[in-house]
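[1] sequence and computational prediction follow.
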Amino acid sequence: MKKRTWAIVVFTGLAIALALFLPATPQSPAYHHFADSRRMLGVANFLDVASNVGFLLVGIAGLVVAARARTRFRVGAERLPYLVFFAGVLLTAIGSGYYHLSPDNETLFWDRLPMTVAFMALVSAQIAERISLRAGLLLLLPMLLVGAVSVFHWQATERAGAGNVVPYGVLQAYAVVVLLLIAMTPSHYTRGGDIYWVFAAYVAAKVLEALDRQFLDVGNVVSGHTLKHLAAAMAGFMVLRMLALREPTSVARDRIAGR
């Protein structure tokens, strides 16, 4: 565990250095040109907008599961990162839907901001239940602030005509790598391995995003980006499912022993 903790500390320092010293890179205008721009029911880019319902459903259900009394936590405060995570997922539904109605840098801000909330809250939750409860809870607010700053920085630099999306990109990569490092440490709960299904869904979302046009070209039914939203919502659902089914490991051991 100490080796993994030091690995996280070193990687955090590296990520900060990359965010500060890599050459500034503006958001490419081509990013906003999605394959499926079809209007349905009077709504532009309908399927890319409507597919955010997955985030909405997962966010609402996740808040209910995280808040209910029978969901197992060692201490009540451990619910907080998960409540923030699912709030971030819920707000992503709103922000991403708003962005896809009229994709540009200004609306993209409202898509990215709640996503950083979800990323950082999940990292905090995993630190709390795998490395240190106290550290995970104390890091929640600072991590949320760092995430928000990365998005505000990107927006401010774009408005100034010298856009720099690098800190936000580094933050997203940082969250994924750190979660993988943390996942190597056993959880204090059963179903700790479910976190790998979250990674699988995230990777699937990235692949679908990259193949946006190719998927639409197959029968002109649905684009890769629309499917990306559903895959990303599935990542949130796997967190929800993990919470709903898990128990503290001591309880599981006692049941197996018949105590």
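    That came through, no problem. Just so it is clear, the model here is predicted, and its values are computed rather than measured.

[2] dump stretch 186-201 to CSV, keeping only the CA atoms.
    Taking Å, rounded to 0.1, in the frame of the first residue of the first chain, the C-alpha atoms of stretch 186-201 are listed here in CSV:
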residue,chain,number,x,y,z
PRO,A,186,-8.2,-3.9,-1.7
SER,A,187,-11.4,-2.2,-0.7
HIS,A,188,-13.0,-2.3,2.8
TYR,A,189,-16.1,-3.6,1.0
THR,A,190,-17.1,-6.5,-1.0
ARG,A,191,-17.5,-6.0,-4.8
GLY,A,192,-14.4,-3.8,-4.9
GLY,A,193,-13.6,-5.4,-8.2
ASP,A,194,-16.7,-3.7,-9.7
ILE,A,195,-14.6,-0.6,-10.2
TYR,A,196,-12.9,-2.3,-13.2
TRP,A,197,-16.3,-2.4,-14.9
VAL,A,198,-16.4,1.3,-14.5
PHE,A,199,-13.1,1.5,-16.4
ALA,A,200,-14.4,-0.9,-19.1
ALA,A,201,-17.4,1.3,-19.7
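
[3] for that stretch, which positions count as buried?
    When neighbours are counted by 16 or more other CB atoms under 10 Å, the buried residues of stretch 186-201 are found to be 187, 188, 189, 190, 191, 192, 194, 195, 197, 198, 201. In this view, the C-beta of every residue, glycine as well, is placed from N, C-alpha and C.

[4] the last one sits in which helix or strand?
    Which is residue 201. helix 195-210 (DSSP states H and E).

[5] can you give me the buried ones in stretch 135-145?
    Neighbour-count burial for stretch 135-145 flags 136, 137, 139, 140, 143, 144 (criterion: 16+ other CB under 10 Å).

[6] and of those residues, the nearest to residue 124?
    residue 140 (4.2 Å; CB to CB).

[7] tell me the contacts of the closest one?
    Contact partners of residue 140, counting by CB atoms under 8 Å, 6 or more residues apart in numbering, are 80, 81, 84, 120, 121, 124.

[8] let's see it at 6 Å
    Contact analysis of residue 140 by CB atoms under 6 Å, 6 or more residues apart in numbering lists 81, 124.

[9] so which strand or helix has it?
    Short version, using DSSP H and E: residue 140 is in helix 133-159.

[10] ok, now residue 225?
    helix 224-245.

[11] so what touches that helix?
    With CB under 6 Å, 6+ apart as the criterion, helix 224-245 contacts 34, 47-48, 51-52, 54-55, 58, 61-62, 65, 71, 89, 191, 194, 197-198, 201-202, 204-205, 208-209, 211-212, 215.

[12] those, buried ones only, as a ChimeraX selection?
    A single ChimeraX command selects the buried members of the contacts of helix 224-245 (16+ other CB under 10 Å):
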select :34,47,48,51,52,54,55,58,61,62,65,89,191,194,197,198,201,202,204,205,208,209,211,212,215
